[in-house]
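# pasting the sequence and the predicted coordinates here, then a few questions.
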Amino acid sequence: DNDDDDGGGGGGGQHYYYAFAPVPARACGGELLGMRTVTRDRWDAACAAIGCKILSTLSTDYCTSYVLSESSLFVYPQKVVLKTCGTTTLLHALPLIAEYARQCGLEIEFLCYARAKFRWPERQPFPHSSFNDEVRELQRYGFN
């Protein structure tokens, strides 16, 4: 067992859970679509900002799911769950996703950012190399 090589940045998973305020969103046939109206190329841009890419997509009546090179993205009308691993920079997607929400007539009502303790935090790119940097980054975007 070689503890010095975990195949990545010594990182556990990171994830965001966004919930959006129930304000009027784009509708199609009476259905609330909200964040599901965000186009694939825009999700590609958000994924590129954090250092991963979309590999495949599956949609149902309720959710669009994306398999990412570094985990998963689930998009509901008023909720987005973004899970990544390795050395992705998950916080870099925050301004893009907030902008996409505004363009859909939504605003972020709740944001949960969570991650496991990194085995080697020094291998993580900014701002994920320190908890204090992550907190400052969230505060920079208006989250306390």
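That came through, no problem.
# which parts of this protein are strands?
14-20, 27-28, 31-32, 54-59, 64-68, 71-76, 79-84, 108-115 (DSSP state E).
# rank these by pLDDT, which is bottom?
Note on these: lowest mean pLDDT is at strand 27-28, with a mean of 44.
# thinking again about what came up before, in a markdown table, list the strands of the chain along with distance to residue 98.
Glycine gets a C-beta too; all of them are placed from N, C-alpha and C. As requested, those are exported to a markdown table (distance: least, C-beta to C-beta, whole Å):
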| stretch | distance to residue 98 |
| --- | --- |
| strand 14-20 | 9 |
| strand 27-28 | 22 |
| strand 31-32 | 19 |
| strand 54-59 | 20 |
| strand 64-68 | 19 |
| strand 71-76 | 14 |
| strand 79-84 | 10 |
| strand 108-115 | 6 |
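# so which of these comes closest to residue 41?
With C-beta to C-beta as the criterion, residue 41 lies closest to strand 54-59 of those, at 10.0 Å.
# still on that earlier bit, now the strands of the chain as JSON lines including distance to residue 131 and mean neighbour count?
Formatted as JSON lines, the strands of the chain follow (distance: least, C-beta to C-beta, whole Å; neighbours: other C-beta atoms under 10 Å):
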{"stretch": "strand 14-20", "distance to residue 131": "12", "mean neighbour count": "20"}
{"stretch": "strand 27-28", "distance to residue 131": "41", "mean neighbour count": "10"}
{"stretch": "strand 31-32", "distance to residue 131": "36", "mean neighbour count": "13"}
{"stretch": "strand 54-59", "distance to residue 131": "29", "mean neighbour count": "11"}
{"stretch": "strand 64-68", "distance to residue 131": "24", "mean neighbour count": "17"}
{"stretch": "strand 71-76", "distance to residue 131": "21", "mean neighbour count": "18"}
{"stretch": "strand 79-84", "distance to residue 131": "17", "mean neighbour count": "22"}
{"stretch": "strand 108-115", "distance to residue 131": "9", "mean neighbour count": "15"}
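# to residue 91, which of those strands lies closest?
Proximity to residue 91 (C-beta to C-beta) singles out strand 108-115 among these, at 7.2 Å.
# could you report the neighbour count for residue 63?
By other C-beta atoms under 10 Å, 14 other residues sit near residue 63.
# quick one: it and residue 75 touch, right?
Yes: using C-beta atoms under 8 Å, residue 63 makes contact with residue 75 at a distance of 6.7 Å.
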